[in-house]
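> what would the 3D arrangement of this be:
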Amino acid sequence: MAYDQTAARAVLDGALADGRTALTAPEAKALCDAYGIPAAGEGLATTEDEAVALAAGFGGPVALKIVSPDILHKTEAGGVLVGVEGAEAVRDGYRAILANARAHDAQARLTGVQVQQVVGGQEVIVGATTDPTFGKVVAFGLGGVLVEVLQDVTFRLAPLTAEQARGMLDDIAAAEVLRGARGAEPVDAEALAEVLRRVSDLVHDFPRISELDLNPVFATAAGAVAADVRVVLAEEEPAEPVRHSEQDVLRAMRRLMNPSSIAVIGASNEDGKIGNSVMKNLINGGYAGDIHPVNPKADEIMGRRAYRSIGEVPGDVDVAVFTVPAKFVAAALEECGAKNVAAAVLIPSGFAETGNVELQEEVVAVAREHGIRLLGPNIYGYYSTWHNLCATFCTPYDVRGGVALTSQSGGIGMAILGFSRTTRMGVSAIVGLGNKSDVDEDDLLTYFEQDDNTRCVAMHLEDLKDGRAFVEAAQRVTRRKPVVVLKAGRTALGARAASSHTGALAGDDKVYDDVLRQSGVIRAPGLNEMLEYARGVPLLPTPQGENVVIITGAGGSGVLLSDACVANDLRLMEVPDDLDAEFRRHIPPFGAAGNPIDITGGEPPSTYEATLRLGLRDPRIHSLVLGYWHTIVTPPMVFAELAARVAEEAREQGIDKPIVASLAGDTEVEKAAEYLFDHGIVAYPYTTEKPVAVLGAKYRWARAAGLLG
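Coordinates of the predicted model:
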């Protein structure tokens, strides 16, 4: 069915012309009709006789609801009666509703009473709301107590594809109810998904719709019908965020991350000054491009000629690093504009983070006027290791690797640096984002997507400036490279004000959780997890299927590893009889085959080796989890060396499966775990949770990228 956008526009324009941001029930029904969203039969009664006639036409019990442009929450006003049947009951109900409405608000305009056909079925809620980060999102959940008390609801960005709409039905905890739990008849899933898709198209086509509720929708085997519709409009048309083309982003980001020349505005000879630290890091870090110190009070800084302004610097300048106080930034940025500088790195604080929003807006306006991209302000700077670039006042770092890391927080940035150094992970870049006045995560994702030195991206963020731009970039990047996100601020400090159930249910973190999953990123629950995922996920090969097998030397570890697999949505393989028999050939009679495969703790290295070889050789097994127990018979380094050797021999034969290991024992297992990590096996001492969590993260990415066989 084609949508009648003209009719929908007329409904919305009529309400706005009347100075209203809430539609009446008849207007909401007309809006649904225009988009083919099924709603229960209804009519508007302005007299008792009209109400009786409408009820008789529906031939059964009806619902009576007050219709008033001034009463949004009808139930709170005593303006709703359900299950009214018979002429006298309808008359009594009509009078009671009008009396309740007048008592609730004596000044309210009363249009009449809506007489609505009562329908039955499984109650669900379908809605849409305007999220401050992601814009229009669609919600789905079971109606009644489940959605309001248990918050069993899921969100997606609008507009939805048919596949996404269908997937929402399976994404709630109580999905089995819709499929016909305990012998009940399953609902028409396609009809329900179609309602979701049409709602998403409606709010996408008309951004002025701020919140929309179909609550409840009654779903049956024969279809889905909305019993109540609530629509709230925004006071103004939503503003579109500033967007740059992909080509423009890449052009600017390449000059930022691989500049030919850098000017340090506020460079200094004085130890302890930020301008001095940045100069030292650039020079001592081996940056091969031109470094131009800018300071009107100095002739020479650290052996280099100093310039009074950036305008005096000869030749082109790609990046200007600002180390001057905030109040001097705007004027110096004007000079950068005249110099055609591509990017400005604003280290100073004293902008929006301290309440000085006006100054930050002034700086952004200057940058936009001249086409300068801004990194920051209020940042520690950035590192681009493959270009020997250390543009920061913090600790220098030069260990090259394949992981790009970003953070909004300076403290988190330094934690990232310390972890990278301690674990020898190596990075392609570490970038501070601070206030994100301009350059943000989606700009950097666009760059890292095509950067051959970056194999994985990990991002700490407190918010997203343009959630949709981030999702679009992430969906592209995650098809090729894992993206790990640590979103701070999981705890809701209070429900935001909303005029609809959907709006109230759309707590910030729930929307973030669902939309980030939709974008294909791996969400980390904490800082250490983000860093361990960044370290381990790119190390593991992409699994070719879902079958995971645990081989352990300790029964207790096997149980914990099994629990961890379940917690990380990994599928423990049901080992077929022939494979079970093969494993039994290598383990003692008192061991246990199945899954986990318990070889017991007193076994020699040959048992570990034989079972690991079998696990790698059999194509039905897709990933291996090893549980090692420290014994004198098989010491930790003996285990580590044999596991690394067997895995490498398999790789030489074209067999490359994800292997993770948990090592329990004395302090010697720490060195053994490091050895395994260095040889492509993700291993941790003293924990069964961490290695499985990394494997689970790899699987989440592979599923989202469509790479699993």
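
> which residues in the stretch 251-400 of the chain form strands?
Applying DSSP state E, counting those that start in this stretch to the stretch 251-400 of the chain gives strands spanning 261-265, 290-294, 300-301, 304-305, 319-322, 343-346, 373-375, 381-384, 389-392, 400-407.

> mind putting these into TSV with mean neighbour count?
For glycine as for every other residue, the C-beta is placed from the backbone atoms N, C-alpha and C. As requested, these are exported to TSV (neighbours: other CB atoms under 10 Å):
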stretch	mean neighbour count
strand 261-265	26
strand 290-294	23
strand 300-301	16
strand 304-305	14
strand 319-322	28
strand 343-346	28
strand 373-375	25
strand 381-384	27
strand 389-392	26
strand 400-407	23
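
> tabulate the ones you listed (a markdown table), appending distance to residue 44 and mean pLDDT.
Shown next, in a markdown table, are these (distance: least, CB to CB, whole Å; pLDDT from 0 to 100):
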| stretch | distance to residue 44 | mean pLDDT |
| --- | --- | --- |
| strand 261-265 | 68 | 98 |
| strand 290-294 | 72 | 98 |
| strand 300-301 | 79 | 97 |
| strand 304-305 | 80 | 96 |
| strand 319-322 | 64 | 98 |
| strand 343-346 | 59 | 98 |
| strand 373-375 | 55 | 98 |
| strand 381-384 | 62 | 97 |
| strand 389-392 | 67 | 97 |
| strand 400-407 | 56 | 96 |
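
> show me which strand runs longest in the protein.
strand 209-220 (DSSP state E).

> direction included, what does that one pair against?
In the sheet, strand 209-220 lines up against strand 122-131 (antiparallel), strand 223-226 (antiparallel), strand 229-233 (antiparallel) (DSSP bridges).

> quick one: average confidence on the longest one?
Spelled out, that is strand 122-131. Strand 122-131 comes out with an average pLDDT of 94.

> distance from it to the middle of the chain?
Distance of strand 122-131 from the chain centroid (CA atoms, centre = their mean, to the nearest Å) equals 20 Å.

> counting by contacts, list what the next helix or strand after that strand packs against.
Counting by DSSP states H and E, the next helix or strand C-terminal to strand 122-131 is strand 135-142. Using 3 or more CB pairs under 8 Å, 6 or more residues apart in numbering; DSSP states H and E, the elements in contact with strand 135-142 are strand 122-131, strand 153-157, helix 162-170, helix 189-205, helix 501-505.

> returning to that earlier point: can I get the strands of the stretch 251-400 of the chain in CSV with distance to residue 595?
CSV is the format used below for the strands of the stretch 251-400 of the chain (distance: least, CB to CB, whole Å):
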stretch, distance to residue 595
strand 261-265, 56
strand 290-294, 59
strand 300-301, 65
strand 304-305, 65
strand 319-322, 54
strand 343-346, 52
strand 373-375, 49
strand 381-384, 44
strand 389-392, 48
strand 400-407, 32
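
> to residue 174, which of those lies closest?
Relative to residue 174, the nearest member of the strands of the stretch 251-400 of the chain by CB to CB is strand 400-407, separated by 37.1 Å.

> which residues touch that closest one?
With contact meaning CB atoms under 8 Å, 6 or more residues apart in numbering, strand 400-407 is reached by 385-386, 413, 416, 420, 425-433, 441, 444, 448, 451, 453-461, 534-535, 538.

> in helices only, show me the residues you listed.
When those are checked against helices (DSSP state H), the matches are 413, 416, 420, 441, 444, 448, 534, 535.

> can you redo those as CSV with neighbour count, distance to residue 296 and pLDDT?
Converted to CSV, those look like this (neighbours: other CB atoms under 10 Å; distance: CB to CB, whole Å; pLDDT from 0 to 100):
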residue, neighbour count, distance to residue 296, pLDDT
413, 26, 30, 90
416, 27, 35, 92
420, 23, 37, 92
441, 26, 36, 97
444, 26, 33, 98
448, 26, 37, 98
534, 33, 42, 98
535, 23, 45, 97
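
> looking at the residues you listed, which is nearest residue 379?
Nearest member of these to residue 379, counting by CB to CB, is residue 413, at 8.1 Å.

> ok, the closest one - contacts?
Contact analysis of residue 413 by CB under 8 Å, 6+ apart lists 380, 394, 407, 430, 432.

> run through the helices of the stretch 251-400 of the chain in chain order.
Applying DSSP state H, counting those that start in this stretch to the stretch 251-400 of the chain gives helices spanning 274-284, 329-338, 357-370.

> next, the angle strand 290-294 makes with the first one.
For helix 274-284 against strand 290-294, the angle between stretch directions is 160 degrees (axes from the mean of the first three to the mean of the last three CA atoms, to 10 degrees).

> then the second one?
Here helix 329-338 runs at 140 degrees with respect to strand 290-294, directions being taken by the same axes, to 10 degrees.

> in helix 329-338, what's buried?
For helix 329-338, the neighbour count (16 or more other CB atoms under 10 Å) marks 329, 330, 332, 333, 334, 335, 336, 337 as buried.

> rewinding a little: and the ones in helices among the contacts of strand 400-407, which is closest to residue 639?
Closest to residue 639, out of all of these and judged by CB to CB, is residue 535, at 21.3 Å.

> wait, the closest one touches residue 423, no?
Yes: at 5.9 Å, residue 535 counts as touching residue 423 under the criterion of CB atoms under 8 Å.

> C-terminal to the helix or strand of the chain with the lowest mean pLDDT, what's the next element?
Least confident helix or strand of the chain, by mean pLDDT, DSSP states H and E, is helix 501-505 with a mean of 50. Next along the chain after helix 501-505, taking DSSP H and E as the criterion, comes helix 508-519.

> coming back round to it: adding distance to residue 517, write the strands paired with strand 209-220 out as CSV.
Shown next, in CSV, are the strands paired with strand 209-220 (distance: least, CB to CB, whole Å):
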stretch, distance to residue 517
strand 122-131, 15
strand 223-226, 25
strand 229-233, 27
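
> so of these, which one's packed in deepest?
For the strands paired with strand 209-220, the largest average neighbour count (mean count of other CB atoms under 10 Å) is found in strand 122-131, namely a mean of 25.

> among the contacts of residue 413, which two are most distant?
394 and 407 (11.8 Å).

> and of the helices and strands packed on strand 135-142, who's closest to residue 316?
Of the helices and strands packed on strand 135-142, the one closest to residue 316 (CB to CB) turns out to be strand 153-157, at 40.4 Å.

> residue 589 sits in which helix or strand?
Using DSSP H and E, no helix or strand contains residue 589.

> contacting residues around it?
Taking CB under 8 Å, 6+ apart, one finds nothing in contact with residue 589.

> I appreciate the help and will end here.
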